[in-house]
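# Only the shape, not the letters, is given here:
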C-alpha cells in the first residue's frame, strides 16, 4: 500500500537556483498557478458578455461575488469595502486550492502549513498595520478590556496579547489540519479498497462505500474551510477597524 | 446554512414583472424595483460582527479545539523564547504556560460567543 503521506511531497519540476536560494518551480507552485488561472477564468470569462439573465457560469461567478460581498458587508460594514478585492482574492485562492486538490493526481497546496501560515501571517501583519494606521496608540486598547480595574492589567494584557498572537496560528492550523486529515483519510480508505478488493470483491466494496461518502464530505469541508478562513479574516479586519 | 450562503436578494417573481408575459416591464422600472428590494433588505450602518460562520458540527469541534490549543502553543513558545533570552529557565515557561492556557480559554469563550450570536441571529430571522 502506498504511503498516505506521499501525496504531500514537494517535488521540483523546473529546478532553479538563484544566489544559493532554491526557488525551483515545484508541484505546489504549479498548482498555485493553475488555481490562480482557473479562478481568474471562472470569474472573467462568463461575465465577458454580461448577460442580463445569467447563464450557469455567469450565475456561478456572480454568486461567488455576492457571497463575499455580503460577508464583507455583514462582518466589516461599509468601511470594509476597500479591502474587498483582497478578501475576495484570498477566498478564491483558498477555495480553488482546496477544491482542485480533491481531483485525483493534483496537489493540494493548502495542506501545507508553510502556505497557510504565510497567508495567515500576512493577514495578521496587514490587519495589525491597518489598526495602528487608523487608530494609532489607541489600537493598544484592544489588549485591555474597557472598565476593568487597573491592577488586573498585569494579568489581562499578557493574556490578551497571547490570544491576539494565537490568531494566525489557529487560522493557519485549522485550514492545514482539515485539508491534511481529509486527504490522509481518503488515501487510507483508498488503500483498503485496493488491498481488499484485489482478493475479495465484496469486502472491497465496503471501504469503497465509505470512500464515496468521505469524498462527498471532503467537498463540503473544502468549501466550508475556505469560507471560515475568509470570514475570520473579515472578523479580524473588523476588530482592527472598529476596535470593538 | 446553504441558502444563507447564496445571499441573493429574495425577490418575489411577481414583483419583477415575470408574472405577466404579455407586457415586459421597462429596464428602468425593473432597476428601481430591484434597488427598493435591496434597500429593504439591507439596513445601512457598519457591521456588528454578527456574520454567519457556521459549518458542520465537526467543523465547529475542530475550530474550538484549534482555538484552545493555539493559545497554549503560543504561550509555551513565548515562554521558551523568553527563557532562552533572559536565562530564567524554567520560570518564564511556567508563567507563560498558565497565561497561554488562559488565552486559549479566552479564545474558546469568544468562539462560543460567536456561535451563540449566530444561533440567536438565525432564530430572529426564522429558520
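Structure's in. What do you need? Just so you know, these numbers come straight off a predicted model, no measurement behind them.
# and the longest helix seen in chain B, what does it pack onto?
Using DSSP state H, we find that the single longest helix of chain B is helix B:91-124. Other helices and strands packing on helix B:91-124, by 3 or more C-beta pairs under 8 Å, 6 or more residues apart in numbering or on different chains; DSSP states H and E, are helix A:153-197, helix B:57-86. From N, CA and C alone the C-beta is placed, and that goes for glycine too.
# got the angle for the longest one vs helix B:91-124?
Direction vectors for helix A:153-197 and helix B:91-124, defined by axes from the mean of the first three to the mean of the last three C-alpha atoms, to 10 degrees, enclose an angle of 70 degrees.
# now check helix A:153-197, is it near chain B?
Yes: using C-beta under 8 Å from any C-beta of the partner chain, helix A:153-197 reaches chain B at A:155, A:158-160, A:162-163, A:165-167, A:169-170, A:173-174, A:177-178.
# ok, of these, which come out buried?
A:158-160, A:162-163, A:165-167, A:169-170, A:173-174, A:177-178 (16 or more other C-beta atoms under 10 Å in any protein chain shown).
# quick one: low-confidence ranges for chain B?
Residues of chain B meeting the criterion pLDDT under 70: B:1-25, B:40-56, B:126-127.
# Neighbours of the closest residue to chain B within chain A, how many?
Evaluated by C-beta to the nearest C-beta, chain A has residue A:77 as its residue closest to chain B, separated by 3.1 Å. By the measure other C-beta atoms under 10 Å in any protein chain shown, the count of residues near residue A:77 is 18.
# Let me see the ranges of the strands in chain A.
A:12-14, A:17-18, A:21-22, A:25-26 (DSSP state E).
# Distance to residue A:208 and mean neighbour count added to the ones you listed, as CSV?
Formatted as CSV, those follow (distance: least, C-beta to C-beta, whole Å; neighbours: other C-beta atoms under 10 Å in any protein chain shown):
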stretch, distance to residue A:208, mean neighbour count
strand A:12-14, 32, 12
strand A:17-18, 45, 8
strand A:21-22, 40, 8
strand A:25-26, 32, 16
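# Switch these over to JSON lines, and while doing so, append distance to chain B to every line.
Listed next are those as JSON lines, based on distance: least, C-beta to the nearest C-beta, whole Å:
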{"stretch": "strand A:12-14", "distance to chain B": "31"}
{"stretch": "strand A:17-18", "distance to chain B": "31"}
{"stretch": "strand A:21-22", "distance to chain B": "26"}
{"stretch": "strand A:25-26", "distance to chain B": "27"}
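# So which residues of chain A form helices?
So, for chain A - with DSSP H - the helices run A:27-44, A:56-75, A:84-100, A:113-135, A:153-197, A:201-242.
# got these as JSON lines, with mean pLDDT columns?
What follows is the helices of chain A, written out as JSON lines (pLDDT from 0 to 100):
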{"stretch": "helix A:27-44", "mean pLDDT": "94"}
{"stretch": "helix A:56-75", "mean pLDDT": "91"}
{"stretch": "helix A:84-100", "mean pLDDT": "95"}
{"stretch": "helix A:113-135", "mean pLDDT": "94"}
{"stretch": "helix A:153-197", "mean pLDDT": "90"}
{"stretch": "helix A:201-242", "mean pLDDT": "89"}
